[in-house]
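Student: Just to be clear, the model below is a prediction. Sequence and coordinates:
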Amino acid sequence: MTKKQKKNLIRIIIAVVLMVILEITEKLIPGFSEVKLLTKPLNFWLFFIPYVVIGYDILIKAGKGVINLKPFDENFLMAIATVGAIALGEYTEGVAVMLFYQIGELFQGIAVGKSRKNISALMDIRPDYANLEKENGETETVEPDTVAVGSIIVVRPGEKIPLDGIVTEGTTTLNNSALTGESVPCEVFAGDEVLSGCINISGLIKIRTTKEFGQSTASKILELVENASSKKSKSENFISKFARVYTPVVCIGALVLAVLPPLMQIIFMKSGSSWALWNPWVYRALTFLVISCPCALVISIPLSFFAGIGGASSSGVLIKGSNYMESLSKVKYVVFDKTGTMTKGVFEVSGIHHNEMENEKLLEIAALAESYSTHPISKSLQTAYGKEIDKSRVKDVKEISGHGIGAIVDGKQVFVGNGKLMSQENIEYHDCHCVGTIVHVAVDGRYAGHIVISDIVKPDAKEAISRLKKIGIKKNVMLTGDAKSVAEKVAGELEIDGVYSDLLPQDKVLKVEELLSQKASNEMLAFVGDGINDAPVLTRADIGISMGALGSDAAIEASDVVLMDDNPLKISKAIKIAKKCMRIVYQNIGFSLFVKLACLVLGALGIANMWIAIFADVGVMVLCILNSIRVLFVKKL
């Protein structure tokens, strides 16, 4: 518990002890309970002590609300109801209302703290310093935001990696749990990319930074989580608007209940005005106020979303706001990119065909042309070539979106890409009977052969599709720029409902728009991509989910949900978390409204007393808060 929560707990204990002492005194001293404020002030002052101990902060907040002309909140309702009860001589009930309200507030604070632990664990990825290597080989401890791109930093065992970069020296094991939610460490070697926020476990490594601190993975993720609470769902907006209208309405209703019936009795029954006539109706009005306090709704609904976001983050799922949580729970259509999403994106050269030059020479030309590209296919060509690439041999590189690469290699015009690129350049090419990605190569306008590249399906991809179907997803669709034979082979292996191939980036957007037009208005469509070239589609879908996209600025910016590793099973888990969160939100709304409406009717009729009012307010709030905490438990989903 925080210092403030501990202080409030002490106040609650003191008030409870004083109340118990007073209740025992009432039983032991004859006539003690009949002592009233207007006759003998002892009883009033004895109960006033625990009331002030437990309620002084509520009274101050209520006073500030009146001064600022914003009186209609739960503090105002609590102050009016408890002061009124004490004025009527109902000292025990007046103090009890304030006591149980503070207990409810303590429960809320503990619940928020519990859900905040997951967020706090994520905040631990924020690096405090960086060990910058100087030209003379010595290191200097500096602020991470002062390190320039291309600098060499040293990370010792037990330290956080402060900036994204590439390992230049050393081998080690990294703990990625704060980023991905997975506890299994991973080994890195010289040449591997590492992300800020990971913890170095075993060996000393040197890293050449590739991003400034403000653009690093840790900074992007922290910014995403910190801004999540500002994006409210429809349910939260409804509750906020509801409370703004509801609170003044019930205050006016309580005033009418306190004044109108006794006035009617005086006017129509010609009975004289006396305190005995007004007393029961004022008591009913105060009971009505306590019952009507919207604490359960105002507190538990945002808390449910906050807990949901915290629980998801502990599982390596970042949801940018409660509005996206609500939309994610309604997803019925899931559209996938193929490469890097359902497949590993780890390509291997499996054949070279129709070439008029040696295999090694064709690979060399293709690798040189693709040397400036970060696409997985380009990486696979460079890996297959296996030698150091001299980029000085390459000029005028032009990436042709959805087609391939054009470049000048050793003074010759080279085109490397798919059949569309060959057709665009009026170069005759040979189709391939093999299943895989076909990379055609042309040199100075002549066809030089093609390279067959095969991708590997992720081991959990088929199970991921199966789980999505089990949780009620109506249709799974895969979009890819690959050839039809490759796309259909992967789709068949994974048992995906529909597949569309040979798509350019703009074609993917059009296909998603077509699918959007086919669904019902209350159903959502999610697009899942790896974040490299899927930003337009991620933005266009109802929900954009970037997968395994840590370090990808485009993915984090364009998507609404970020899965912090490349495991496709996390897709169904994210949807399950959202469904559980919304289920609890609707339970809290339904339960609190039903109990309050029932007790309001009973209170107006004089059947419900202040103790029932306490349950209708604080009891319901505590039950809703306890229900909200269940959102945190997502490991078994």
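Tutor: That came in fine, so what should we check first? Fair warning: this is a prediction, and the values are worked out from it, not measured in the lab. Residues are numbered from 1 along each chain as shown.
Student: ok, now which ones touch Gly84?
Tutor: Contact analysis of Gly84 by Cβ atoms under 8 Å, 6 or more residues apart in numbering lists 94, 282, 285-286, 289. Where C-beta positions appear, they are placed from N, C-alpha and C, glycine not excepted.
Student: beta partners of the residue nearest the centre of the chain?
Tutor: Closest residue to the average C-alpha location of the chain: Ile319 at 2.4 Å, with Cα atoms, centre = their mean. For Ile319, the beta-bridge partners are Val561 (DSSP bridges).
Student: Look up how far Val634 lies from it.
Tutor: Using Cβ to Cβ, to the nearest Å, Ile319 is found at 12 Å from Val634.
Student: any residues in contact with both of these two?
Tutor: Joint contacts of Ile319 and Val634 (Cβ under 8 Å, 6+ apart) are 312, 577.
Student: was I right about the residue nearest to the centre of the chain contacting Ala578?
Tutor: Yes: assessed by Cβ atoms under 8 Å, Ile319 is found in contact with Ala578 at 7.4 Å.
Student: Mutual contacts of these two, please.
Tutor: Taking Cβ under 8 Å, 6+ apart as the contact rule, Ile319 and Ala578 both touch 308, 325, 328.
Student: Format the residues you listed as CSV; extra columns: secondary structure and pLDDT.
Tutor: Converted to CSV, these look like this (DSSP: H, G, I helix; E, B strand; the rest coil; pLDDT from 0 to 100):
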residue, secondary structure, pLDDT
Gly308, helix, 85
Met325, helix, 90
Leu328, helix, 93
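Student: so where do the strands sit in the stretch 101-250 of the chain?
Tutor: 130-133, 139-142, 152-155, 165-169, 172-175, 186-188, 193-194, 199-200, 205-209 (DSSP state E, counting those that start in this stretch).
Student: Tell me which of the ones you listed lies nearest to Gly492.
Tutor: Closest to Gly492 of those is strand 186-188 (Cβ to Cβ; 31.6 Å).
Student: can you give me the helices in the stretch 151-300 of the chain?
Tutor: With DSSP state H, counting those that start in this stretch as the criterion, the stretch 151-300 of the chain has helices at 177-180, 217-228, 234-268, 275-292, 295-314.
Student: what would the ones you listed look like in TSV with mean neighbour count?
Tutor: Listed next are the helices of the stretch 151-300 of the chain as TSV, based on neighbours: other Cβ atoms under 10 Å:
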stretch	mean neighbour count
helix 177-180	22
helix 217-228	20
helix 234-268	15
helix 275-292	21
helix 295-314	25
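Student: who wins for proximity to Val154 among the ones you listed?
Tutor: helix 217-228 (17.7 Å).
Student: shaky segments in the stretch 1-150 of the chain?
Tutor: 1, 26-42, 71-73, 111-126 (pLDDT under 70).
Student: switch the cut-off to 90
Tutor: Counting by pLDDT under 90, the stretch 1-150 of the chain has low-confidence residues at 1-12, 15-16, 18-51, 55, 57-59, 61-129, 134-139, 143-146.
Student: Would you map the helices across it?
Tutor: Going by DSSP H, counting those that start in this stretch, the stretch 1-150 of the chain shows helices at 3-28, 42-67, 74-87, 91-123.
Student: can you put those helices in CSV and add distance to Ile205?
Tutor: Output for the helices of the stretch 1-150 of the chain, formatted as CSV (distance: least, Cβ to Cβ, whole Å):
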stretch, distance to Ile205
helix 3-28, 40
helix 42-67, 52
helix 74-87, 54
helix 91-123, 23
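Student: Pull up the gap between the residue nearest to Asp560 when sequence neighbours are not counted and Lys387, please.
Tutor: Spatially, and ignoring its direct neighbours in sequence, Asp560 is nearest to Tyr324 (4.3 Å; Cβ to Cβ, 6 or more residues apart in numbering). Separation of Tyr324 from Lys387 (Cβ to Cβ) stands at 46 Å.
Student: Next: Ser315.
Tutor: 42 Å.
Student: ditto for Gly619
Tutor: 74 Å.
Student: So which bits of the lengthiest strand in the chain are buried?
Tutor: Ranked by residue count under DSSP state E, the longest strand found in the chain is strand 446-454. For strand 446-454, the neighbour count (16 or more other Cβ atoms under 10 Å) marks 447-454 as buried.
Student: In a markdown table, list those residues along with pLDDT and distance to Glu159.
Tutor: Listed next are the buried residues of strand 446-454 as a markdown table, based on pLDDT from 0 to 100; distance: Cβ to Cβ, whole Å:
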| residue | pLDDT | distance to Glu159 |
| --- | --- | --- |
| Tyr447 | 94 | 53 |
| Ala448 | 93 | 49 |
| Gly449 | 92 | 49 |
| His450 | 92 | 47 |
| Ile451 | 91 | 42 |
| Val452 | 88 | 44 |
| Ile453 | 84 | 39 |
| Ser454 | 78 | 39 |
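Student: Could you export these as CSV, including distance to Phe44?
Tutor: CSV is the format used below for the buried residues of strand 446-454 (distance: Cβ to Cβ, whole Å):
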residue, distance to Phe44
Tyr447, 101
Ala448, 100
Gly449, 99
His450, 95
Ile451, 92
Val452, 92
Ile453, 87
Ser454, 86
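Student: if we can go back for a sec, and for the residue nearest to Asp560, the neighbour number?
Tutor: 23 (other Cβ atoms under 10 Å).
Student: and stretch 518-536, what's its mean pLDDT?
Tutor: Throughout stretch 518-536, pLDDT has a mean value of 83.
Student: ok, now stretch 356-376?
Tutor: pLDDT averaged over stretch 356-376 gives 87.
Student: Now do that stretch: distance from first to last residue.
Tutor: With Cα to Cα, to the nearest Å applied, stretch 356-376 spans 26 Å between its terminal residues.
Student: re earlier: looking at Ser315 and Lys387 now, which is surrounded by more residues?
Tutor: Between Ser315 and Lys387, Ser315 has the larger neighbour count (other Cβ under 10 Å), namely 20 against 10.
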